[in-house]
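*Asks:* coords please:
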Amino acid sequence: MSGNERAAPPRLLSKEGEICAWHHATRAPVRLRWQQGKITSLEAANHEPPRSLWLAPPLVDLQINGFGGIDFQQEDLSVADLLTATRKLRAGGCLRFLLTLITNDWPKIMARLRHLRGLRAQSPELQSAIAGWHIEGPFLSAEPGYCGAHDPALMRDPTPTPIHELRDVTGDDPLLITIAPERRNAIAVISLAASLGITVSLGHTNAPRETLVQAVEAGASSFTHLGNACPQTLDRHDNILWRVFETPRLKVSLIPDAMHVSPALFRLIHRVIRADSIYYVSDAMAAAGSPPGRYKLGPLEVEVGEDKVCATRADRISPAPHWNRLTESFAPRKCYQATGRRHGRGFRIFLPGSSVCPPDSKWVVMPIFVWWKSTRSINWRHWKYLSEESRPPER
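*Replies:* Sure thing, here's the model as predicted:
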């Protein structure tokens with residue numbers, strides 16, 4: 001089978017069996033065996049498997065707002081709702097994630113978080129899947145473009161009280177919070193959050209570089225979905241992208257769907273920032289992993305069309321600029337699909353993994369299919385952070 005051919009995903013429903021695939025790191029053929037739902041061996045294979053079949057650890061996503069028709073921003077969620085979302089995520093290769101809550105009135109966020117933690121405590125499966133929490137808002141920029149899909153009327157300056165409350169509510173759970181550092185008191189609050197063991201990510205921000213540096217010195221360590229939550233048109237001489245590029249010690253997350261980050265920008269980011277300082281998130285919402293239809297994103301109702309683009313209903317009814325599009329809805333069973341058709345570049349990367357074992361599995365099988373039309377598209381080398389020879393020096 002050639003490298004451009006696509007293998008059918010293996011059926012891994014039996015309690016015992018084996019599979020031959022390519023190891024994601026060594027790129028060598030390996031054979032994995034399991035019995036009674038547990039992996040028993042992983043060893044070198046003597047023959048080449050299909051070029052599109054790879055073996056890799058399961059995905060971990062630090063930004064999941066909902067999935068499979070379930071919106072985590074709703075008040076009346078049940079254990080069954082969370083299990084539906086987590087099982088569909090696992091079917092897509094994502095074994096663990098940070099459940100993400102977006103901008104709202106702070107008391108509502110805290111009430112929702114308490115409720116969700118209570119639901120998770122009732123299910124060992126949920127405890128395994130929901131690794132922690134990501135609070136994205138309301139301490140974000142209210143500027144047009146930088147607020148993204150968040151309601152700017154609900155944005156507020158951070159203070160110590162909600163940070164202490166957040167730590168108390170979550171206990172020892174892993175906790176990530178996104179903050180715009182230019183807001184009043186933000187630098188002091190970032191320092192407080194870091195001292196409480198909260199990971200601080202900068203985002204939804206138009207902060208000057210000096211403020212970004214101050215935030216990093218105060219304890220911020222990452223930047224949320226670089227390349228979006230900013231206006232479509234930026235000053236070519238001074239903008240948030242350039243400032244982040246020049247700020248050392250920041251890890252950045254990207255949404256690699258060719259819509260939130262263009263193929264050209266995707267490649268440039270990987271040339272400027274080291275691979276070990278980049279991680280991918282889906283920023284998935286309820287429409288992800290679901291067929292076309294109407295879905296909730298907090299107070300918003302969004303509509304997914306046959307083109308897999310998710311938009312507000314107003315965006316569908318009347319002409320609207322690109323930035324009203326909220327996110328791409330990933331196709332069912334192809335939860336981490338990247339497509340460049342709208343850019344005329346034509347690349348797709350499918351990662352429709354299946355768990356070999358129960359929820360505590362250490363590996364998943366991921367058939368990967370890479371297709372391109374031109375040399376300008378993202379190919380396998382670009383997706384794998386470029387070659388070793390082209391890696392940039394330490395920042």
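*Asks:* mean confidence score for the helix or strand where Ala193 lies?
*Replies:* Here Ala193, judged by DSSP states H and E, is contained in helix 186-195. Averaged across helix 186-195, pLDDT comes to 98.
*Asks:* can you tell me what sits against the very next helix or strand once past that helix?
*Replies:* Moving toward the C-terminus from helix 186-195, the next helix or strand (DSSP H and E) is strand 199-202. Under the criterion Cβ atoms under 8 Å, 6 or more residues apart in numbering, residues 174-181, 190, 193-194, 212, 215, 219-224, 250, 253 lie in contact with strand 199-202. Every residue, glycine included, has its C-beta placed from N, CA and C.
*Asks:* now the host helix or strand of Leu89: mean pLDDT?
*Replies:* Taking DSSP H and E as the criterion, Leu89 maps to helix 79-91. Mean pLDDT, computed over helix 79-91, is 94.
*Asks:* kindly report the same for stretch 239-247.
*Replies:* 96.
*Asks:* distance from the chain centre to that stretch, please.
*Replies:* 21 Å (Cα atoms, centre = their mean, to the nearest Å).
*Asks:* report the separation between the closest residue in space to Val189 that isn't next to it in sequence and His204.
*Replies:* Distances taken as Cβ to Cβ, 6 or more residues apart in numbering put Pro158 closest to Val189, at 4.1 Å, once the chain neighbours are dropped. Separation of Pro158 from His204 (Cβ to Cβ, to the nearest Å) stands at 13 Å.
*Asks:* neighbour-wise, which of these two wins?
*Replies:* His204 (30 against 24; other Cβ atoms under 10 Å).
*Asks:* mind listing what's buried in stretch 242-251?
*Replies:* Across stretch 242-251, burial judged by 16 or more other Cβ atoms under 10 Å covers 243-245, 247, 250-251.
*Asks:* now do the contacts for Thr170.
*Replies:* 113, 117, 132-133.
*Asks:* can we see that at 7 Å?
*Replies:* By Cβ atoms under 7 Å, 6 or more residues apart in numbering, the residues touching Thr170 are Trp133.
*Asks:* state the phi and psi torsions of it.
*Replies:* The phi/psi pair for Thr170 (degrees, to the nearest 10) reads phi -90, psi -10.
*Asks:* low pLDDT regions in this protein?
*Replies:* Judged by pLDDT under 70, the chain has its weakly predicted residues at 1-14, 306-395.
*Asks:* still on that earlier bit, tell me the spacing between the residue nearest to Val189 and Leu166.
*Replies:* For Pro158 relative to Leu166 (Cβ to Cβ), the value is 10 Å.
*Asks:* equivalent analysis for His150, please.
*Replies:* From His150 over to Leu166 (counting by Cβ to Cβ), the distance is 18 Å.
*Asks:* in the chain, what residue sits furthest out from the centroid?
*Replies:* Asn46 (35.9 Å; Cα atoms, centre = their mean).
*Asks:* just give the nearest non-adjacent residue to it, would you?
*Replies:* Nearest to Asn46 is Pro29, by Cβ to Cβ, 6+ apart, at 7.8 Å.
*Asks:* kindly report the same for Asp173.
*Replies:* Gly132 (4.8 Å).
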